[in-house]
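> no sequence for this one, just the structure:
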């Protein structure tokens, strides 16, 4: 059996990362999305075990202390982590595994996998003004949170040069096609 491959997709909040990942998985069901664990509250429509594993901070801390996470980070006031055992089992079964995580987690993972096992992909918005509009239109955050996310977006985009690929999500369908090509080229 051939060994699988790990794809890490990172992007500033509001860039369309989650929508791109969903479209990619619909286009190519052989790709498995790893589900992250988080201490944040579920958003409307999110399902535990499907979108995230929603846990209390104490439970997250136990998993972290037991070294159960491949990576973990504190982002926007909440903890997020990726289960090492779930990801490694899937890769060992020959699956293409996709992680949708922030740049901090991507860099942690980059230290643990060889270049032939891992591809880092960063999604950027057409502009910060465009990103601000997206964040405001989705209506999930108060204005002060939108401004905080924009400030962090600039810092995050500076890290994109350390990724293997950068995709601009200006035209959604083109971005999905580019993402699909990268995933199939890297194996």
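Thanks, I have it. None of these values were measured; they are calculated from a predicted model. Residues are numbered from 1 along each chain as shown.
> got the end-to-end distance for stretch 110-117?
For stretch 110-117, the first-to-last residue distance is 10 Å (Cα to Cα, to the nearest Å).
> tell me the mean pLDDT for that stretch?
Average pLDDT, stretch 110-117: 90.
> repeat that for stretch 144-160.
Throughout stretch 144-160, pLDDT has a mean value of 87.
> can you give me how far it is from the chain middle?
How far stretch 144-160 lies from its chain's middle: 15 Å, per Cα atoms, centre = their mean, to the nearest Å.
> quick one: contacts of that stretch?
If you take Cβ atoms under 8 Å, 6 or more residues apart in numbering as the criterion, stretch 144-160 is touched by 10-15, 76, 102-103, 107, 122, 124-125, 128, 131-132, 135-136, 141, 166. For the C-beta atoms, the positions are set from N, CA and C on the backbone; glycine is no exception.
> show me the residues you listed that map onto strands.
Among the contacts of stretch 144-160, the residues falling in strands (DSSP state E) are 10, 122, 124, 166.
> closest to residue 35 among those residues?
Nearest to residue 35, judged by Cβ to Cβ, of those is residue 10 at 16.5 Å.
> identify the bridge partners of the residue most central in space within the chain.
Centroid check for the chain by Cα atoms, centre = their mean gives residue 100 as the closest residue, at 1.6 Å. Following DSSP bridges, residue 100 is listed with bridge partners residue 9.
> three-state assignment of residue 20?
Under DSSP: H, G, I helix; E, B strand; the rest coil, residue 20 falls in the helix class.
> residues contacting it?
Counting by Cβ under 8 Å, 6+ apart, residue 20 touches 9, 123, 167, 169, 172, 175-176, 179.
> low pLDDT regions in the protein?
1, 139, 186-187 (pLDDT under 70).
> which helix in it runs the most residues?
If you go by DSSP state H, the chain has its longest helix at helix 143-158.
> now residue 56. Nearest residue, chain neighbours left out?
Nearest residue to residue 56, sequence neighbours excluded (Cβ to Cβ, 6 or more residues apart in numbering): residue 39, at 7.0 Å.
> count of neighbours near that neighbour?
For residue 39, the count of nearby residues is 19 (other Cβ atoms under 10 Å).
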